[in-house]
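J.: Okay, sequence plus prediction incoming.
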Amino acid sequence: LWLDGGVVDHPALIGWTLSDEPVHNNYSESKLENEYAAVRAIDPHRPILINFDSKFYWDENFGSSSYESKVWQFVDIPELVSFDFYPVTGWNKPQWTYIHGAATEFMLDHYLDYQKPVWDIVEASDQNLSWTPPETPGPSPAQMRFEVWDAIIHGATGIGYFTHSFNPHEWANLTPEIEAEMVRTNAQIAELSNVILSPRPPLVVSGTELAGRNFDFSLRRRGRDYFLLAANADMQYRTERVTFAFEQTPALEEVFGENRSITPAGKRFTDDFAPVEVHIYRIRF
């Protein structure tokens, strides 16, 4: 925790974070509570965040419930909860990129009962870590973009980008391609911020993938426009063809940011997805 009362009025300050990854670093509950009280003493208004490593989440492929009791000690302290996870560069496990979405929903449902926001910190760099093979890459632009939007699809309302490398240390070890994708993705998040933060509309949409492969999607609304956020979540990195069906016939199917549209076939439309590709559809009825 870097606590400096002199920056409280700085226009770039949006919030504070408590000591990082408290379970992994074996911090006590009293330490975090004292940090929270110290921040509140100098800044009564801005949000305070706590950030976990990914082991609060578990499924058949990852993690265990051994973290659960420790996470419960901390989640009630601040206003915001976040987590970081770096499957490609941190674990050399590109088949785990789905965990960004799954862990977001797990945190909201299992620990927070959807009463606090969850932010997700995704990987953007080759971190050059000492415990992974030297040839371990950083994420591709498509993988980073998938991590961002799959977390949003599952309920994340804030995104952070981990840009460092460690051996040697650099604050921003970004390829030009990753940097360009960060600019594109972040601009779309900013443009769609009120969409992302909107409640889920009651309109029912279903999806079917031709070969039965995994994909993720959720629907949001802004005024007359519905936005369908969809991602190819097949962790064998195969292409997909997905058909979405609605209760009524769509009048407009614009693929946001791709300079194309789709003509619906009655109450449904079909689109193709490259591995871990994301599409955002703007729909009117």
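T.: Right, received. Where do you want to start?
J.: so how far is the first residue of stretch 88-95 from its last?
T.: 8 Å (C-alpha to C-alpha, to the nearest Å).
J.: Go through it and flag the buried ones.
T.: For stretch 88-95, the buried set under the neighbour-count rule, 16 or more other C-beta atoms under 10 Å, comprises 88, 89, 90, 91, 93, 94. Heads up, the C-betas are built off the backbone N, CA and C, glycines and all.
J.: Next: stretch 97-115.
T.: 97-108, 111-112.
J.: any idea of the mean pLDDT in that stretch?
T.: Averaged over stretch 97-115, pLDDT sits at 98.
J.: what distance separates that stretch from the middle of the whole chain?
T.: Computed by C-alpha atoms, centre = their mean, to the nearest Å, the separation of stretch 97-115 from the middle of its chain amounts to 10 Å.
J.: what does that stretch rub up against?
T.: 54, 56-57, 59, 62, 71-72, 75, 81, 83, 85, 87-88, 118, 120, 122, 139, 143, 146-148, 150-151, 153-156, 214, 216, 231, 233, 235, 276 (C-beta atoms under 8 Å, 6 or more residues apart in numbering).
J.: Could you give me the ChimeraX selection string for whichever of these are buried?
T.: ChimeraX command restricting the contacts of stretch 97-115 to the buried ones, with burial defined by 16+ other C-beta under 10 Å:
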select :54,56,57,62,71,75,81,83,85,87,88,118,120,122,139,143,146,147,148,150,151,153,154,155,156,216,231,233,235,276
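J.: In helices only, show me the contacts of stretch 97-115.
T.: 71, 72, 143, 146, 147, 148, 150, 151, 153 (DSSP state H).
J.: Out of the residues you listed, which two sit at the greatest distance?
T.: Distance extremes for those: the farthest pair is 72 and 143 at 31.4 Å, using C-beta to C-beta.
J.: buried residues in the helix or strand hosting residue 35?
T.: Per DSSP states H and E, residue 35 falls inside helix 29-42. Across helix 29-42, burial judged by 16+ other C-beta under 10 Å covers 31, 32, 35, 36, 39.
J.: Return the closest of those residues with respect to residue 169.
T.: For the buried residues of helix 29-42, the nearest to residue 169 is residue 35 (25.5 Å; C-beta to C-beta).
J.: before we move on, back to that, between the buried residues of stretch 97-115, which sits nearest residue 134?
T.: Residue 134 has its nearest neighbour among the buried residues of stretch 97-115 in residue 97, at 21.4 Å by C-beta to C-beta.
J.: Next, the contact list for the closest residue to that closest one other than its chain neighbours, please.
T.: Closest residue in space to residue 97, ignoring its immediate chain neighbours: residue 87 at 5.2 Å, by C-beta to C-beta, 6 or more residues apart in numbering. If you count contacts by C-beta under 8 Å, 6+ apart, residue 87 has them with 93, 94, 95, 96, 97, 99, 123.
J.: Also residue 19?
T.: Going by C-beta under 8 Å, 6+ apart, residue 19 touches 1, 25, 27, 31, 32, 35.
J.: Which of those sits closest to residue 191?
T.: Among the contacts of residue 19, and counting by C-beta to C-beta, the member closest to residue 191 is residue 1, at 33.2 Å.
J.: which residues of the stretch 1-150 of the chain score low on pLDDT?
T.: The stretch 1-150 of the chain contains residues with pLDDT under 70 at 1-2, 4-5.
J.: ok, which stretches of it are strands?
T.: For the stretch 1-150 of the chain, the strands defined by DSSP state E, counting those that start in this stretch cover 16-17, 48-52, 80-84, 118-123.
J.: Go through these and name the closest to residue 129.
T.: strand 118-123 (11.1 Å).
J.: Spatially nearest residue to residue 66, not counting backbone neighbours?
T.: residue 55 is the one closest to residue 66 (C-beta to C-beta, 6+ apart), at 7.9 Å.
J.: So the one you found sits against residue 67, correct?
T.: Yes: in this structure, residue 55 is within contact of residue 67 by C-beta atoms under 8 Å, at 4.7 Å.
J.: Between the two ends of stretch 124-132, what distance do you get?
T.: End residues of stretch 124-132 are separated by 16 Å (C-alpha to C-alpha).
J.: Grab the nearest non-local neighbour of residue 155.
T.: Counting by C-beta to C-beta, 6+ apart, the residue nearest residue 155 is residue 108, at 5.0 Å.
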